[in-house]
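1. Let me see the structure of the following:
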Amino acid sequence: RIVTLCNAINEDPVIRFQNSDVAAPLAAAIQEKLDAHARLNPKFKTECVQDRAMLIIVDRTLDFMAPLLHEFTYQAMLCDLVQTGLN
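-> Residues are numbered from 1 along each chain as shown. You can find the predicted model right below:
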């Protein structure tokens, strides 16, 4: 979906990522798909050389606010976010 979005807005972003077990393979996969798309559509890269956007991929371990906003379980988060009459 990210590659489809980049194609729709005609943007070839510079990909930056956190060096983690999740973010690095995801960044590599996105870059591979963008490169494949550029090979099939030669105008894709040539039209968006200047002022390239930046796609930043991080792992949830950098999300320092989540523990402060919600507990670690989905059940606790749902109780905070969804109004139920069962309290």
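2. pLDDT-wise, which helix or strand of the chain ranks last?
-> helix 66-69 (a mean of 65; mean pLDDT, DSSP states H and E).
3. Can you list the residue ranges for helices in this structure?
-> 2-8, 23-40, 43-46, 66-69, 74-81 (DSSP state H).
4. Of the ones you listed, give the one that comes closest to Asp59.
-> For the helices of the chain, proximity to Asp59 was assessed by CB to CB; helix 23-40 is nearest, at 5.0 Å. Where you see a C-beta, it was placed from the backbone N, CA and C, and this is true even at glycine.
5. Please put the alpha-carbon coordinates of the closest one into CSV.
-> Taking C-alpha atoms only, helix 23-40 is exported to CSV below (Å, rounded to 0.1, in the frame of the first residue of the first chain):
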residue,chain,number,x,y,z
ALA,A,23,11.9,-2.0,10.7
ALA,A,24,15.0,-3.0,8.6
PRO,A,25,13.3,-5.8,6.7
LEU,A,26,10.2,-3.7,6.1
ALA,A,27,12.3,-0.9,4.7
ALA,A,28,14.2,-3.3,2.4
ALA,A,29,11.0,-4.8,1.1
ILE,A,30,9.5,-1.3,0.4
GLN,A,31,12.7,-0.2,-1.3
GLU,A,32,12.7,-3.4,-3.4
LYS,A,33,9.1,-2.8,-4.5
LEU,A,34,9.7,0.9,-5.3
ASP,A,35,12.7,-0.1,-7.4
ALA,A,36,10.7,-2.8,-9.3
HIS,A,37,8.0,-0.1,-9.9
ALA,A,38,10.6,2.3,-11.2
ARG,A,39,11.9,-0.3,-13.6
LEU,A,40,8.4,-0.8,-15.0
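6. Need the contact partners of it.
-> The contact list for helix 23-40 (CB atoms under 8 Å, 6 or more residues apart in numbering) reads 2-3, 6-7, 12-13, 15-18, 44-45, 55, 57-59.
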